[in-house]
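J.: Here is a sequence together with a model predicted from it:
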Amino acid sequence: AQSVAQPEDQVNVAEGNPLTVKCTYSVSGNPYLFWYVQYPNRGLQFLLKYITGDNLVKGSYGFEAEFNKSQTSFHLKKPSALVSDSALYFCAVRDGLLGYQLIWGAGTKLIIKP
Amino acid sequence: KAGVTQTPRYLIKTRGQQVTLSCSPISGHRSVSWYQQTPGQGLQFLFEYFSETQRNKGNFPGRFSGRQFSNSRSEMNVSTLELGDSALYLCASAGLTDTQYFGPGTRLTVL
């Protein structure tokens, strides 16, 4: 069965430091991987995706993610965190066989401290 | 382009009632998906419609249903509401790319 794991419920980072939010996946076939961000009382905003090609994917707001097939991981990164990056981050995987159905991780709360 | 819109934004219902939520996708998008978000279960897929046909369905009881119209607008209906149906219901649309874009959600509270 397809699944996504975000092993950290919360990540705390000081402003200006690099941040990493972890995601691992299990899916049959080639994975389509996504990161979304959710601010309080808001819907989900698309950050970036990996479909194929370069393992390092660049997205919105300075975020990037590295696809690692051998470790089945897709960690979200940013070189220098901003207080405004504080939000809930979700990793998701779409199995091409399932149409546009996304399977979600539990989410990681990112807190950036000034 | 206008984003995905959902109406209403907030709803309060009582147990046993039914509710209809509406979603207007981004212009040109033919796929509309619905998700339920709760603190306990996280984000769960309800169903996906593509060109007025249900293409995928998640593991929810038959009380949850949906439909899509010829203009790609979609509605979801929940009948015989239960307390556990209280959640944020999110709609997402997708076009020719593999990316789903989400609306702001409808917050349903069942009393």
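T.: Yep, it's here.
J.: Next, count neighbours for residue 20.
T.: Defaulting to chain A. 13 (other C-beta atoms under 10 Å in any protein chain shown). Any C-beta I mention is one placed from the backbone N, CA and C, and that applies to glycine too.
J.: oops, chain B please
T.: B:Thr20 has 15 neighbouring residues, counting by other C-beta under 10 Å.
J.: cool, and the one 3 residues further on?
T.: For B:Cys23, the neighbour count with other C-beta under 10 Å is 27.
J.: what's near enough to touch it?
T.: Residues near B:Cys23 by C-beta atoms under 8 Å, 6 or more residues apart in numbering or on different chains: B:Val4, B:Thr5, B:Gln6, B:Val32, B:Trp34, B:Arg73, B:Ser74, B:Glu75, B:Met76, B:Cys91, B:Ser93, B:Gly103.
J.: Among those residues, the buried ones, what's the PyMOL command?
T.: Per 16 or more other C-beta atoms under 10 Å in any protein chain shown, the buried members of these correspond to this PyMOL selection:
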select buried, chain B and resi 4+6+32+34+73+74+75+76+91+93+103
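J.: out of the contacts of B:Cys23, who's nearest chain A?
T.: The closest of the contacts of B:Cys23 to chain A turns out to be B:Gly103 (C-beta to the nearest C-beta; 5.4 Å).
J.: is it true that that closest one touches B:Gln6?
T.: Yes - between B:Gly103 and B:Gln6 there is a contact at 4.0 Å, judged by C-beta atoms under 8 Å.
J.: which neighbours do those two share?
T.: B:Cys23, B:Leu90, B:Cys91.
J.: will you turn those residues into CSV that also has secondary structure?
T.: As requested, the shared contacts of B:Gly103 and B:Gln6 are exported to CSV (DSSP: H, G, I helix; E, B strand; the rest coil):
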residue, secondary structure
B:Cys23, strand
B:Leu90, strand
B:Cys91, strand
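J.: a markdown table please, covering the residues you listed and showing pLDDT and distance to A:Val4.
T.: Formatted as a markdown table, the shared contacts of B:Gly103 and B:Gln6 follow (pLDDT from 0 to 100; distance: C-beta to C-beta, whole Å):
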| residue | pLDDT | distance to A:Val4 |
| --- | --- | --- |
| B:Cys23 | 98 | 24 |
| B:Leu90 | 97 | 17 |
| B:Cys91 | 97 | 21 |
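J.: hmm, back to that, how about a markdown table for the contacts of B:Cys23, with secondary structure and distance to chain A added?
T.: A markdown table is the format used below for the contacts of B:Cys23 (DSSP: H, G, I helix; E, B strand; the rest coil; distance: C-beta to the nearest C-beta, whole Å):
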| residue | secondary structure | distance to chain A |
| --- | --- | --- |
| B:Val4 | coil | 8 |
| B:Thr5 | strand | 10 |
| B:Gln6 | strand | 8 |
| B:Val32 | strand | 9 |
| B:Trp34 | strand | 11 |
| B:Arg73 | coil | 17 |
| B:Ser74 | strand | 13 |
| B:Glu75 | strand | 18 |
| B:Met76 | strand | 15 |
| B:Cys91 | strand | 9 |
| B:Ser93 | strand | 9 |
| B:Gly103 | coil | 5 |
